[in-house]
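*Asks:* Could you work out the structure for the sequence below:
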Amino acid sequence: MISLPKLDADLVFPLPEHALDDPNGLLAFGGDLSVDRLIVAYQNGIFPWFSEGEPILWWSPSPRGILRFSDYHISRSLQKFIRKSQYHVSINLAFDQVIDACASVPRGGQGTWITTGMIAAYKALHKAGKAHSVEVWDDKTLVGGLYGVAIGRVFCGESMFSYRTNTSKVAFHYLVKHLQACGAEFIDCQMQNDHLKRFGCSEVSRSTFLNLLENSKDKTVQHSTWQPKLLFETT
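*Replies:* Sure, this is the predicted structure:
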């Protein structure tokens with residue numbers, strides 16, 4: 001039997017070090033998805049992940065997947081694809097569309113963890129200036145993108161989608177380049193997988209991740225980093 005702390009109205013989480021080993025990183029349940037609680041969670045290396053009909057579950061896994069920009073790389077075939085791409089790439093021009101798309105695309109029959117409550121919560125977080133999206137466009141049609149949460153100089157990736165081949169990868173590539181240029185320090189990938197590993201994502205212990213986060217979360221990036229704009233436009 002699993003015994004978990006239940007969150008109350010206070011915006012206080014258990015220490016991440018108290019998360020379970022099995023399932024990896026499960027820390028607490030309950031509370032709400034208010035903007036203030038989500039910000040506190042991300043500032044402490046904690047994120048929500050649960051399915052429709054479940055209580056809100058909060059996680060801080062170990063090891064943690066991160067992408068240091070010095071480790072970022074892409075295959076030659078993807079480099080060629082991006083060079084020849086006729087897509088436009090923007091930031092924060094269509095956050096609502098992006099998260100709706102991430103929630104609706106098929107996930108191999110596994111459904112989605114992006115519940116209706118999560119969608120509403122992250123849209124509110126976007127309006128508060130903390131959640132951000134990257135969009136890939138074919139003319140005026142949205143064909144790919146991603147979204148996540150910015151905490152100081154850390155970008156916490158949440159989800160991505162593709163309506164066309166490689167368009168989520170295009171979004172991720174331009175996000176990395178944009179973050180590098182604006183003074184960010186790394187991307188929190190939460191859990192490493194084969195897809196992210198191909199880009200240079202590596203695993204670190206929870207304690208290492210929390211130290212990196214602590215050193216980055218109160219720093220600022222350039223003021224213009226999250227202003228809605230085009231990042232790349234074909235000529």
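*Asks:* Distance check, the residue lying closest to Pro55 once chain neighbours are set aside against Ser168.
*Replies:* Of all residues not flanking Pro55 in the chain, Phe29 sits nearest, at 4.7 Å (CB to CB, 6 or more residues apart in numbering). In short, each C-beta sits where N, CA and C put it, glycine included. Distance, Phe29 to Ser168, using CB to CB, to the nearest Å: 30 Å.
*Asks:* what's the neighbour count on Leu20?
*Replies:* Neighbourhood size, Leu20 [other CB atoms under 10 Å]: 15.
*Asks:* give me every residue that touches it.
*Replies:* Ile2, Leu4, Leu26, Leu27 (CB atoms under 8 Å, 6 or more residues apart in numbering).
*Asks:* If we go by neighbour counts, what in the longest helix along the chain is buried?
*Replies:* Assignment by DSSP state H gives helix 167-182 as the longest helix of the chain. Judged by neighbour count using 16 or more other CB atoms under 10 Å, the buried positions of helix 167-182 are Thr167, Ser168, Lys169, Val170, Ala171, Phe172, His173, Tyr174, Leu175, Val176, His178, Leu179.
*Asks:* what's the helix or strand bottoming out on mean pLDDT in the chain packed up against?
*Replies:* Among the helices and strands of the chain, helix 194-197 carries the lowest confidence by mean pLDDT, DSSP states H and E, at a mean of 89. On a contact count with 3 or more CB pairs under 8 Å, 6 or more residues apart in numbering; DSSP states H and E, helix 194-197 meets no helix or strand.
*Asks:* Quick one, which of the contacts of Leu20 are buried?
*Replies:* Among the contacts of Leu20, the ones that count as buried by 16+ other CB under 10 Å are Leu4, Leu26, Leu27.
*Asks:* Show the backbone phi and psi for the residue nearest to the spatial centre of the chain.
*Replies:* The centre of the chain sits closest to Gly157, judged by CA atoms, centre = their mean, with a distance of 1.5 Å. Dihedral pair for Gly157: phi -70, psi 140, per degrees, to the nearest 10.
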